[in-house]
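A.B. asks: sequence plus predicted model, see below.
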Amino acid sequence: MTIETARRMRGAVPSAIREILKVAERPDVLSFAGGLPAPELFPARELSQAFEAVLRKNPGAALQYGVTEGFLPLREWVAGRLRGRGIPASAESVMVVSGSQQGIDLVSRVLLDPGATVLVENPSYLAALQAFAAYEANVVALPGDADGLRTELLEEAVREHRPALIYLVPEFQNPRGTTLAADRRHALAAVASGHGVPVLEDDPYGALRFRGVSSTPIAALAHGLTFHLGTFSKTLAPGLRLGWVHAPKPLIRPLTVAKQACDLHTATLAQHAVVELLGTFDYEAHLGRLRAEYRQRCEAMLRALERSMPPGTRWTTPDGGLFLWLELPAGLRDDEVFHAAIDRAVAVVPGSGFFVGPPEHGFLRLNFSNQNVANIELGMARLGQTLSELLPASSPPLVHRDELSPAPRGL
Ligand SMILES: Cc1ncc(COP(=O)(O)O)c(C=O)c1O
C-alpha cells in the first residue's frame, strides 16, 4: 500500500543545499557550502551562565508554556532595536518566532492563497522558495545586479502579476551577498505603497555589516505594509531557534493564530535565557567581534580568489553577511565544478539551485564565515586549480598572481 502525500507536497523539492551539506560533512572536506556562523564565536560560556541563571532564579516560568506572541521583555528588546533603525515598532508589533524561517512560513500562511503570486529576486533564498511552494504560490522572479533587485522592473511586474507579496533579502542577500541600494529601497517602497502590495523583508544578516554605511530598512519606508524578519541565528547561535517578525499591528493577530497551529509558542527556556543574557552581556561588543572576524575572513577570500582563479572568473564583494557569489568562466558548469571540487576535498554550493525558472549553471555560492583564514586560502587555491583543470585546453593558462588583472567587480 502506498500513502499519497497532499497535493502541496508534490511540487516540493528537497533542498539541494541540505543534500550537498551531507557530503560537505566529510571530515576531510573543507566546506564553503553551508550558511554556518563560526562556532568558535558562539557566546557559549555566557549562554550557559544565562540558562543556569534562569533555571535557578525562576524555573517555574522558564520551563512553563508561554504566550504565543513571545516573552514580553524579549519583544520589548526587539522593538527597541528596530526603533533604533527607524522602524516605528512596539512590543505589540513584534512576535517572537522559532527562527526567521518560521516567520517566512507564517507570513506565507497568512497572506498566500493557492495560486497567489510572490515576486522575488532571482536568484533567491532557497528555503523561502520552499515555503512559498508549500502554500502553492506562483513565484515570479525579477533579476538583480550588484545593487540588488532591479526595482525599475517592479512597477510593470506588479501591474502584470498583481502579487500578494514581494519577498526580498535587502542586506547581504543569500545567495549573492549583494545589498539593495538606497534609491532602490525608496523605489520599492513607493511601488509597494502605490499598489498596496505587502513586502516581506528578510533581514538575518543586517547586524553583520563590516563595511560601508548602514541602510534604511524597507520597514522604515513602507511601514504599514512591511513584515520585517530578524533572528539571533547569525549573531548568537542558530541552535537557539529564536527570531522575530515585526508586522503591521492588525496582522499580529492572524500571525498569532497561525503560529498556534504550528508550535503554540517559541521555546520559553531559550527566550528567558536570551533576555537574561542581553541584560548581563555586552551584545554590541559581541557584534563588533563578529563583524571584525567576518571582515577578515571575507577579505582573505577576496584576496585568495584574486590569486587563484583563472581569467574570466568574477565575484561579488559583499559589505557584510556570510556569502559571496562567484561567476564561473564561460564554458564551466556549476555541477561539474561541484563534483571536481569534492574530489579535491572542497565543498561549494552550485548556484543553479537558487534560481526560479530555468536554472543558470554558471555560478557558485561561497560561504566565508565558517573557515579560518588559513583554510580559506587553502580551499580557494584548490578551487582555483579545479577550475583551471576543467577549462578547455584552448583557454588561456592560469597566469601567475602578479600578472593577473584585477577581476571585474560588482557582479
Ligand atoms: C535569507 C535567510 N532567511 C532566513 C534564514 C533562516 O534563519 P533562521 O535560523 O533565523 O531561521 C536564513 C538562514 O540561513 C537565510 O539565509
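C.D. replies: That came through, no problem.
A.B. asks: in space, what's closest to the closest residue to the ligand within the stretch 251-400 of the chain - neighbours in sequence excluded?
C.D. replies: Going by CB to the nearest ligand atom, the ligand is nearest to residue 322 of the stretch 251-400 of the chain, at 7.8 Å. To be clear about C-beta, it is placed using only N, CA and C from the backbone, and glycine gets the same treatment. Spatial nearest neighbour of residue 322, excluding adjacent residues (CB to CB, 6 or more residues apart in numbering): residue 369 at 4.4 Å.
A.B. asks: would you agree that neighbour falls within a helix?
C.D. replies: No - Residue 369: not assigned to a helix; according to DSSP: H, G, I helix; E, B strand; the rest coil it is coil.
A.B. asks: just confirm it contacts residue 37, I think it does.
C.D. replies: Yes - using CB atoms under 8 Å, residue 369 makes contact with residue 37 at a distance of 5.6 Å.
A.B. asks: can you pull the contacts of the spatially closest residue to residue 240 that is not a sequence neighbour?
C.D. replies: Distance criterion CB to CB, 6+ apart; nearest residue to residue 240, sequence neighbours excluded, is residue 270 at 4.9 Å. Residues near residue 270 by CB atoms under 8 Å, 6 or more residues apart in numbering: 240-242.
A.B. asks: count of neighbours near residue 80?
C.D. replies: When neighbours are defined as other CB atoms under 10 Å, residue 80 has 13 of them.
A.B. asks: ok, and what's touching whichever helix or strand it is part of?
C.D. replies: Per DSSP states H and E, residue 80 falls inside helix 72-84. With contacts defined as CB under 8 Å, 6+ apart, helix 72-84 is touched by 69, 89-91, 93-96, 219, 228, 230, 244, 246, 271, 274-275, 278.
A.B. asks: got any residues that touch both of residue 369 and residue 37?
C.D. replies: With CB under 8 Å, 6+ apart, residue 369 and residue 37 have common neighbours residue 322.
A.B. asks: can you list the residues of this protein near the ligand?
C.D. replies: Residues of the chain lying near the ligand by CB under 6 Å from any ligand atom: 35, 99-101, 125, 169, 174, 202, 204, 231, 233, 238, 243.
A.B. asks: now the protein against the ligand: closest residue?
C.D. replies: Closest approach between the chain and the ligand, counting by CB to the nearest ligand atom: residue 99, at 2.7 Å.
A.B. asks: residue 95 touches residue 247, doesn't it?
C.D. replies: Yes - with contacts counted by CB under 8 Å, residue 95 reaches residue 247, the gap being 6.9 Å.
A.B. asks: overlap in contacts, these two.
C.D. replies: With CB under 8 Å, 6+ apart, residue 95 and residue 247 have common neighbours residue 255.
A.B. asks: just for this structure, where's the confidence low?
C.D. replies: 11-19, 394-411 (pLDDT under 70).
A.B. asks: just the strands from it, written as ranges.
C.D. replies: Along the chain, counting by DSSP state E, strands occupy 30-31, 94-97, 117-122, 138-145, 148-149, 165-168, 199-202, 226-231, 243-246, 314-315, 323-327, 346-347, 349-350, 363-367.
A.B. asks: surely residue 241 touches residue 99?
C.D. replies: Yes - with contact defined as CB under 8 Å, residue 241 reaches residue 99; the gap is 4.7 Å.
A.B. asks: who touches both of the two?
C.D. replies: residue 233.
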